[in-house]
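# 3D, please:
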Amino acid sequence: MIEVPRAAIDLAKLFEGFHRVAKHDPARAHPYICPAGYRTIGYGRLCDPKHPPITQEEGERYLAIDLTIALNATLRYCPVLVTETPGRLAAIVDFTFNLGAGRLQASTLRRRINQRDWAAAAQELSRWIYGGGKVLPGLVARRRAEAALMI
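Numbering: from 1, shown residues only. This next block holds a predicted model:
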């Protein structure tokens, strides 16, 4: 069984962070609206607005579950990654975690990966920088970090 690469965990934590509401409840995270406009909690988990606050430990558990789901979807759509470097797998697991399996499934990125055209795959990542119709600096940085793992 393939495990979620450490680099995928590190990328998710770096770019998602564990968002707390420090003023009135500094030990727990509450639902918030991410830059792309989605209701989120902890390390980027989509949630209902009425989701109760969570501790960092709960956020870590959610992240492990969500990254495992992203890993399984990544390998389903890009089976060539099984034999590639952990960095390449980590980059696409993070992409799938961030944007969802449907985006990977229907993408030119997927085709480039399955063709093992790593330079083109890295270039494709740079196209996924929009949230809510705007270029988001956080997504630009995230896609650069993922692309760096592809080559």
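
# If we ignore the residues flanking it in sequence, what's nearest L11?
Closest residue to L11 in three dimensions, ignoring its sequence neighbours and counting by Cβ to Cβ, 6 or more residues apart in numbering: D94, at 4.2 Å. Backbone N, C-alpha and C define where each C-beta goes, glycine included.

# The one you found contacts K13, doesn't it?
No - judged on Cβ atoms under 8 Å, D94 makes no contact with K13 at a distance of 10.2 Å.

# Could you give me the buried positions within the longest helix anywhere in the chain?
What stands out as the longest helix in the chain, according to DSSP state H, is helix 56-77. Neighbour counts over helix 56-77 (16 or more other Cβ atoms under 10 Å) mark 58-60, 62-63, 66-67, 69-71, 73-75, 77 as buried.

# what's near enough to touch P5?
P5 makes contact with P86, G87, L89, A90, V93 under the criterion Cβ atoms under 8 Å, 6 or more residues apart in numbering.

# can you give me phi and psi for it?
Backbone torsions of P5, given as degrees, to the nearest 10, read phi -60, psi 140.

# re the thing from before, residues contacting the longest helix of the chain, please?
2-4, 8-9, 12-13, 16, 18, 29, 41-45, 54, 81-82, 89, 92-97, 101, 104-105, 110.

# Identify those among the residues you listed that sit within helices.
Judged by DSSP H, the contacts of helix 56-77 include 8-9, 12-13, 16, 89, 92-97, 101, 104-105, 110 as members of helices.

# coming back round to it: would you mind writing the PyMOL command to select the buried ones in the contacts of helix 56-77?
Those of the contacts of helix 56-77 that count as buried under 16+ other Cβ under 10 Å are selected in PyMOL with:
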select buried, resi 4+8+9+12+16+18+29+41+42+43+44+45+54+81+89+92+93+94+95+96+97+101+104+110
